[in-house]
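Participant: Structure of the sequence below:
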Amino acid sequence: MNLKSALTIVALLSVLIVFSSSPARCEKTMYLNVCQELVNQARAYEARANYHNQMCKAYMLHIENLAKLAKNSATSQAMDSFFSQYDQNRELESKFRELYRQASEEAKRCMKSAE
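Facilitator: You can find the predicted model right below:
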């Protein structure tokens, strides 16, 4: 076998090795993209839960300020409205915290299986 034939065989083998590993890398990249989407979704849920927590704090301040005022039907209605909105935001916060927990656990499992 001459040198030209040996180099051609080595080059062909190198090309085959490089191109045969490409789908595996592509598959892992796609898998990591899915994991990243789960992480992003978890962060979005956390941000929404934090937003509803801040809204609850604001409603509580309104309720405390109304409690200092004279009692009449208008303040009672306003307090009832704020309590209702407070309860709704607490419920949404707890739902988003649960979704955050689920999405972050799924993202952790995804990252472990990608390794």
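
Participant: which residue is nearest the centroid of the chain?
Facilitator: Most central in the chain under C-alpha atoms, centre = their mean is Ala42, positioned 1.7 Å from the mean C-alpha point.

Participant: Look up which helix or strand that one falls in, please.
Facilitator: Counting by DSSP states H and E, the secondary-structure element that holds Ala42 is helix 3-68.

Participant: again, but for Glu91
Facilitator: Under the criterion of DSSP H and E, Glu91 resides in helix 73-114.

Participant: Under the pLDDT cut-off, which ranges of the chain? List them.
Facilitator: Across the chain, the stretches falling below the confidence threshold (pLDDT under 70) are 1-27.

Participant: and the residue nearest to the centre of the chain, how far is that from Lys95?
Facilitator: In this structure, Ala42 and Lys95 are separated by 14 Å, where distance is defined by C-beta to C-beta, to the nearest Å. Where you see a C-beta, it was placed from the backbone N, CA and C, and this is true even at glycine.

Participant: Glu46 too?
Facilitator: As it turns out, when the distance is counted by C-beta to C-beta, Glu46 lies 12 Å from Lys95.

Participant: more crowded one of these two?
Facilitator: Remark: of Glu46 and Lys95, Glu46 carries more neighbours, 17 against 14, as counted by other C-beta atoms under 10 Å.

Participant: Could you pull up the residues touching the more buried one?
Facilitator: By C-beta atoms under 8 Å, 6 or more residues apart in numbering, the contact list for Glu46 reads Phe96, Arg97, Tyr100.

Participant: May I see those residues arranged in TSV, with neighbour count and distance to Gln88 as well?
Facilitator: Written out in TSV, the entries for these read as follows (neighbours: other C-beta atoms under 10 Å; distance: C-beta to C-beta, whole Å):
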residue	neighbour count	distance to Gln88
Phe96	20	13
Arg97	17	15
Tyr100	20	18
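
Participant: in stretch 80-87, what's buried?
Facilitator: Of the residues in stretch 80-87, those buried under the neighbour-count criterion (16 or more other C-beta atoms under 10 Å) are Phe82, Gln85, Tyr86.
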